[in-house]
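>>> Sequence unavailable; structure follows:
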């Protein structure tokens, strides 16, 4: 559909949304258009009524899709219809009144500090390129809390070894500077040395992290790497790069960091996104209270 392509182009080139966000918008809108073509092929965007959108949502719910995923699709459709209204392609944005589904508050999954200490102090990493790469990636996730997409976009020049910091390009191409400690600095240097030995590109604008074959890393490769190592220290189901991001934030908060600092490091737009980690902190306080207070 022409309108969808124009909308996605605007999101990509004018609003500078990431490729992952554009892909999500495309998938969400395709879901709605597919439903429309199957159940109401006679309707165009101008003549869609509110009950049609509600039918689509009910259909998604009956298919077993989680509320969080359905809400993302609703948000995508709402944004698309707002664009159509602004461009005078439709008269009314009927999706503006569609409410998101209620969903349970899911606390972020994270590993204990003991598990993270075991990972880096007790688990043996191979000394070849892949082993050094694996340890570097895991340390970077846990020491900085960066997202998978941010790690994959890092270039050699983004690490400032002298000032002990890295430059990260986050959502909507917003840049932020994150401090890094000496242990991570040494690990990054060890990785760069291994990369240089294999003759991989060392130019400042070249991708920092490469597969053993010298290609740019991709999400599935990193997921497998992280999952493989976390299997050694936890039995929990979720063992993704995002778990390391949650672990970073939770451990920072538990050890005295204030929310605003964590917010800046994580690259959150608002403090409300960061406040979810206070729930984990409160759980820990309750546990300590019950163990320590004589009347608890």
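In hand now; what should we look at? As the structure is a computational prediction, the values presented were derived from the model and not from experiment. Numbering: from 1, shown residues only.

>>> residues making contact with stretch 9-21?
With CB atoms under 8 Å, 6 or more residues apart in numbering as the test, stretch 9-21 has contacts from 22, 25, 83, 149, 171-173. Just so you know, the C-beta spots here come from the backbone N, C-alpha and C atoms, and that holds for glycine as well.

>>> Span of it from start to end?
Taking CA to CA, to the nearest Å, stretch 9-21 runs 12 Å from one end to the other.

>>> For that stretch, buried residues please.
Under the neighbour-count criterion of 16 or more other CB atoms under 10 Å, stretch 9-21 has 11, 17-18, 21 buried.

>>> Hmm, which of the contacts of stretch 9-21 is lowest in pLDDT?
Across those, the smallest pLDDT goes to residue 172, namely 82.

>>> Strands of the stretch 151-296 of the chain, start to end?
Residue ranges of the strands in the stretch 151-296 of the chain, as given by DSSP state E, counting those that start in this stretch, are 159-160, 165-169, 175-179.

>>> Could you work out which of these reaches nearest to residue 142?
Taking CB to CB, strand 175-179 is the member of the strands of the stretch 151-296 of the chain nearest to residue 142, at 12.4 Å.

>>> Quick one: list the elements packing against that closest one.
Strand 175-179 sits against strand 165-169, helix 259-266, with contacts defined as 3 or more CB pairs under 8 Å, 6 or more residues apart in numbering; DSSP states H and E.

>>> Now the last one: buried residues?
So the one you mean is helix 259-266. For helix 259-266, a neighbour-count test (16+ other CB under 10 Å) marks 259, 262-263, 265-266 as buried.

>>> export the residues you listed to a markdown table and tack on distance to residue 116?
Below are those laid out as a markdown table (distance: CB to CB, whole Å):
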| residue | distance to residue 116 |
| --- | --- |
| 259 | 21 |
| 262 | 17 |
| 263 | 21 |
| 265 | 17 |
| 266 | 17 |
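
>>> And residue 70, which helix or strand is it part of?
Take DSSP states H and E as the rule and residue 70 turns out to sit in helix 67-86.

>>> residues making contact with that helix?
So helix 67-86 is contacted by 3-4, 7, 10, 24-25, 28-29, 31-32, 45, 53, 57, 60-61, 90-96, 98, 100-103, 106 (CB under 8 Å, 6+ apart).

>>> Tell me which two of the buried residues of stretch 9-21 sit farthest apart.
11 and 18 (9.8 Å).

>>> hmm, back to that, now for the strands of the stretch 151-296 of the chain, which one comes closest to residue 193?
Here strand 159-160 is closest among the strands of the stretch 151-296 of the chain (CB to CB), at 13.5 Å.
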